[in-house]
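K.L.:
3D, please:
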Amino acid sequence: MAKFNDDTQVLFSENVGDYVLEYLKYKNTLLINTIISSNGKGHYLSDFLSEFNDTDDIHEDLLSILDDVLDMNLLNEVISAESLSAYVEKDNTYFIDEDDLASGKQKASENPEMFIPTSIFKEIILKWLEFLESQKS
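P.N.:
Predicted coordinates for the structure are as follows:
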């Protein structure tokens, strides 16, 4: 997971469910850090979402896939990013950092930093999108 240094500026933070979202700026790059409130640990979601800084990609790729899975038009779907993939099911989304999806999902399901309820995942994506759009002006 990403480590942040002293040059990283925290712009603001907010809570979504059991997660604290920190919106960050490092040089000219916008980032998000997601922390699980109950244990204070970072979540793999941060690494995944930090690779999605384009609002069009978020609308076209992330949200459309999540809506299809949540509406049960798709049973599951994999969204790939450079460093890891999100395996999206109706109830939970698993962040997988290996090529074998089956063993990656098993590993993720045993680690609270590697999965999140899909409905909360969507809510966090919407917050990330709102933040990115607010920074365009």
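K.L.:
Tell me which helix or strand in this protein has the weakest average pLDDT.
P.N.:
The least trusted helix or strand in the chain, going by mean pLDDT, DSSP states H and E, turns out to be strand 29-36, with a mean of 86.
K.L.:
which element follows that strand toward the C-terminus?
P.N.:
helix 45-50 (DSSP states H and E).
K.L.:
contacting residues around that next one?
P.N.:
Contacts with helix 45-50, where a contact means C-beta atoms under 8 Å, 6 or more residues apart in numbering, come from 1-2, 19, 31-34, 81, 83-84, 86, 95, 116, 121, 124-125, 128. (Glycine included, C-beta is placed from N, CA and C.)
K.L.:
Which among these count as buried?
P.N.:
Among the contacts of helix 45-50, the ones that count as buried by 16 or more other C-beta atoms under 10 Å are 1, 19, 31-34, 81, 84, 86, 95, 116, 121, 124-125, 128.
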